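# The following comprises the amino acid sequence and a computationally predicted model.
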Amino acid sequence: MKNKSMAFAFVLMATIAGLAGAQQGGSDALPTLSWSGPWSQSGENRFVSNAIGHGGETWQMLTINAPAGGRLWVTLTASSEADFDFGIASALNGARSASEYQIRVSGAESETLLYDLPPGSHVIHFGYAKDNSVNSRNDRVTVEVEVSAPGVSVAPTLSWSGPWSRSGENRFVSDAIGHDQETWQTLTINAPAGGRIWVTLTASSEDHYDFGVATALNGSISDYWDDFRMEVSGTESETVLYIVPPGTHAIHFGYLKDGSVSAGNDQVIVEVSAHAIDASPAPATLSWYGPWLQSAENRYVSNRVGHDEETWQILVINAPEGSRVRVTLTASSEEYFDFGVATRLNGARSDSLGDYQMEVSGTESRSLVYDVPPGTHAIHFGYLKDGSLSQGNDQVIVEAVVE
Ligand SMILES: [Ca+2]
Ligand SMILES: [Ca+2]
Ligand SMILES: [Ca+2]
């Protein structure tokens, strides 16, 4: 149990540490950093949240002096009760808030965030907020910050180690293993000016039992499933964007099998592309093909079809430097029988409802963000009707926004 004098000692130590420095040296162009709050310093610009009780919050403030602007890389790593106790980073010059934030992490999640700094002085608040019961892991969050000058663009270089087979420049297929075994491949990223790393994992495995996984950036190989950044099985394929601060980093990719049964090719494939942080990335463009009726920019309404029929519209995303696209599907249809669907990125039209990324029926409206790697990609939107009855407007509406 933490008492008041211990809490006071934490505050005092952190204050002394804050006064003693945490200033970033180097060239005049680099932003300088100063910290205030009760968290414990554990590196030049690395702080660990202090102990708090259930229902509590604790905050640490970073002040950034950036006369020439710059880039700020924030890595937030939780060690907490998954989905209930959160580490939080505010928006640039945003408020302290457990409900409005730039990013939050829980469990064993670790994420890196890039803030583009306009010239001037700025603040960011970091928090740890707990719900009303249960502590897990180390019950804290760690924040680590790095800065770089504005406008430096150098593409990261990639190197690989492990037993997997190369099938493209940065594409590897897991090697054959038996039941209850696992195999790992390591990607090392050398990123002197930071970068964006797009990772696609594609499974061909026993659904729900044999998994392809990717760790967090610099995460460890671990038995805890919620420690992984991404998991795929069956015929799943997913893409995730890693934002990488300046320096050298690793991501581990695994194929993990349970005690019996193999399916498909019994493997996972990883494909990676690395890109410089560009000061003004080329925006993604959206184009649409199909019979649906346009009702606004990037908003389409399905055309009329009969019972047991379906109709499809295609969205093509051209994203020279990668992007995130938010898609919203809104149904007005016979509930549970007539569906609006969206495929995975580059997924196939399919007869099986479980294969879609998103489904709506009745009066449902759902929205989803696709992480889109650099290149040209497609999403298919469908309206699928069963053999009888129509309700509502008998249609689905799709809207897409580049974030
Ligand atoms: Ca809790
Ligand atoms: Ca299996
Ligand atoms: Ca129907």
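Everything's here; your move. Ligands and ions are numbered 1, 2, ... in the order given.
# Distance check, Asn65 against Leu33.
Going from Asn65 to Leu33 by C-beta to C-beta, to the nearest Å gives 8 Å. The way it works is simple: take the backbone N, C-alpha and C, and place the C-beta from them, glycine included.
# swap that for Ser90, please
From Ser90 to Leu33 the distance is 15 Å (C-beta to C-beta).
# now stretch 155-168, how far from the centre of its chain.
22 Å (C-alpha atoms, centre = their mean, to the nearest Å).
# So between Asn65 and Leu33, which is more surrounded?
More neighbours surround Leu33 than the other of Asn65 and Leu33, with 21 against 15 (other C-beta atoms under 10 Å).
# Pull the contacting residues for Arg349.
Trp312, Thr343, His380, Gly382 (C-beta atoms under 8 Å, 6 or more residues apart in numbering).
# Show the contacting residues for the closest residue to the third one other than its chain neighbours.
The spatial neighbour of His380 that comes closest, neighbours along the chain excluded (C-beta to C-beta, 6 or more residues apart in numbering), is Thr343 at 4.5 Å. When contacts are counted by C-beta under 8 Å, 6+ apart, Thr343 touches Arg349, Ser350, Asp355, Tyr356, Gln357, Ile379, His380, Phe381, Gly382.
# isn't the second one right up against Gln357?
No: applying C-beta atoms under 8 Å as the test, Ser350 and Gln357 come out as separate, 11.2 Å apart.
# follow-up on the earlier one: from the contacts of Arg349, pick the one nearest ligand 3.
Gly382 (14.3 Å; C-beta to the ion).
# residues near the closest one, how many?
22.
# Can you give me the buried ones in the strand or helix carrying it?
Per DSSP states H and E: Gly382 is located in strand 375-384. Under the neighbour-count criterion of 16 or more other C-beta atoms under 10 Å, strand 375-384 has His377, Ile379, His380, Phe381, Gly382, Tyr383, Leu384 buried.
# picking up where we left off before, out of the contacts of Arg349, flag the one nearest to Arg171.
Lowest distance from Arg171 to the contacts of Arg349 (C-beta to C-beta) belongs to Thr343, with 22.1 Å.
# Assumed Ser42 was part of a helix.
No: with DSSP: H, G, I helix; E, B strand; the rest coil as the criterion, Ser42 is assigned strand and is not in a helix.
# which residue sits closest to Val270 in space, ignoring its chain neighbours?
Leaving out its chain neighbours, the residue that sits closest to Val270 by C-beta to C-beta, 6+ apart is Phe253, at 4.7 Å.
# Please apply the same query to Gly247.
That would be Ala191: by C-beta to C-beta, 6+ apart, it lies 6.5 Å from Gly247.
# isn't that neighbour right up against Tyr242?
No: with contacts counted by C-beta under 8 Å, Ala191 stays clear of Tyr242, the gap being 10.3 Å.
# Can you name the residues bridging to the residue in the stretch 301-403 of the chain that ligand 1 sits nearest to?
Evaluated by C-beta to the ion, the stretch 301-403 of the chain has Val369 as its residue closest to ligand 1, separated by 26.7 Å. Beta-bridge partners for Val369, by DSSP bridges, are Arg326.
# Show the contacting residues for it.
By C-beta under 8 Å, 6+ apart, the residues touching Val369 are Arg324, Val325, Arg326, Val327, Glu403.
# Same question for Gly382.
Neighbour list for Gly382: Glu310, Thr311, Trp312, Gln313, Phe339, Gly340, Val341, Ala342, Thr343, Arg349 [criterion: C-beta under 8 Å, 6+ apart].
# quick revisit: does the residue nearest to Val270 sit in a helix or strand, and which one?
Using DSSP H and E, Phe253 sits within strand 247-256.
# in its sheet, what does that strand sit against?
Assessed with DSSP bridges, strand 247-256 is paired to strand 182-191 (antiparallel), strand 211-215 (antiparallel).
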